[in-house]
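Enquirer: Show me how the following folds:
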Amino acid sequence: MPRPRVREETPLPIRDGVAPSYLWLPEGQWPNMLAFLVERYPAVSEASWRERMAKGEVVDNDGKPLTPESRYRRGMRIFYYRELEQAETPIPFEEEILFQDDHLVVVDKPHFLPMIPSGRFLHETLLVRLRKKLGIEDLTPIHRLDRETAGVVIFSSNIASRGRYQSMFQKRVVQKEYEALAPRLEGVEFPFTYRSRMVDGDKFFVMKEEPGEPNSETVIDVIEHRPDGNTLYRLWPHTGRQHQLRLHLASLGIPIINDAFYPVALPCKQDDVSSPLKLLARAISFADPLTDEIRRFESRRTL
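Expert: Below is the predicted model of the structure:
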């Protein structure tokens with residue numbers, strides 16, 4: 001019989017697949033809660049905050065509704081529902097569930113679909129879609145893929161076992177295999193290992209390399225050379241730095257096809273989904289920490 005799932009309690013329930021957001025109030029002086037919220041979130045109007053408060057949708061850690069005149073107290077935690085000022089554009093690609101049991105949900109994510117609510121995405125995210133589809137409020141990703149990357153990603157559906165699965169990624173005992181389509185690299189013998197020191201770039205959303213002790217490592221091999229001059233590569237990241245595969249291939253002079261960040265960050269394409277990044281999380285494998293069974297899950301997508 002399936003083990004019952006217990007949802008992590010918050011003062012506000014999950015609503016239409018979206019969990020409430022929370023914020024620890026920082027150091028500062030504001031005459032009341034409304035003044036703080038209007039300054040903290042300039043994209044949200046004062047009228048919107050007043051409406052949310054009137055509906056009891058902004059509360060403290062104990063679930064007590066906050067009003068516009070509520071006193072601001074540093075260190076207090078507040079909960080609220082995140083809302084978008086403009087309607088989301090539907091993302092016209094569907095995820096596929098590859099596996100599900102009492103502990104895990106393994107999903108084949110399409111390109112362009114964000115993992116979790118962020119920025120201008122709320123309902124058009126993998127997490128919210130899955131919560132609505134499966135009715136599992138406690139669903140949580142235990143690792144991430146970029147919005148632009150497609151492929152296998154794993155969610156935990158059971159709080160009791162979540163830590164065991166999360167620790168696999170922290171201990172780097174999970175084997176990840178990617179595929180990337182990029183220009184042909186000449187003058188090297190495959191497979192080979194590329195290492196570099198990655199640090200935050202000059203723009204907040206990109207990374208860069210600098211001299212020093214390497215902190216990132218990728219094994220690169222060839223799957224096939226294609227007639228158009230591009231090559232399908234197999235990549236095994238031995239570390240998990242943000243944008244690691246994208247930066248490594250760009251640094252080798254073979255940026256991944258349709259990469260809008262590397263080697264040069266291009267203007268945001270907004271809702272243009274015509275040119276997906278040619279990067280796929282092909283497979284993931286590990287020894288299950290509960291049973292010691294070797295598990296392997298593979299994407300059904302192709303580049």
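Enquirer: any weak-confidence spans in this structure?
Expert: 1-8 (pLDDT under 70).
Enquirer: Helices of that one, start to end?
Expert: For the chain, applying DSSP state H gives helices covering 33-40, 46-54, 126-134, 159-170, 244-251.
Enquirer: Pick the most buried one from those.
Expert: Compared across the helices of the chain, helix 244-251 shows the largest average neighbour count, a mean of 23 (mean count of other Cβ atoms under 10 Å). Just so you know, the C-beta spots here come from the backbone N, C-alpha and C atoms, and that holds for glycine as well.
Enquirer: Now do the buried residues in stretch 215-235.
Expert: S216, E217, T218, I220, N230, T231, L232, Y233, R234, L235 (16 or more other Cβ atoms under 10 Å).
Enquirer: Confirm for me that the fourth one is in contact with P191.
Expert: Just to be clear, that refers to I220. Yes. Using Cβ atoms under 8 Å, I220 is in contact with P191, at 6.2 Å.
Enquirer: before we move on, the earlier item: I'd like the list of the buried residues of stretch 215-235 that fall within strands, please.
Expert: Counting by DSSP state E, the buried residues of stretch 215-235 place S216, E217, T218, I220, N230, T231, L232, Y233, R234, L235 in strands.
Enquirer: show me the contacts for the third one.
Expert: The neighbours of T218, taking Cβ atoms under 8 Å, 6 or more residues apart in numbering as the test, are T193, Y194, R195, L235, W236, P237, H238, T239, Q244, L245, H248.
Enquirer: out of the residues you listed, who's nearest P276?
Expert: Using Cβ to Cβ, L245 comes nearest to P276 of the contacts of T218, at 15.0 Å.
Enquirer: residue contacts, that closest one?
Expert: By Cβ under 8 Å, 6+ apart, the contact set of L245 is Y178, A180, T218, L235, P237, I256, L279.
Enquirer: got it, and R296?
Expert: When contacts are counted by Cβ under 8 Å, 6+ apart, R296 touches A283, I284, S285.
Enquirer: Ok, T302 next?
Expert: Residues near T302 by Cβ under 8 Å, 6+ apart: L280.
Enquirer: now it: how far from L232?
Expert: From T302 over to L232 the distance is 10 Å, taken as Cβ to Cβ, to the nearest Å.
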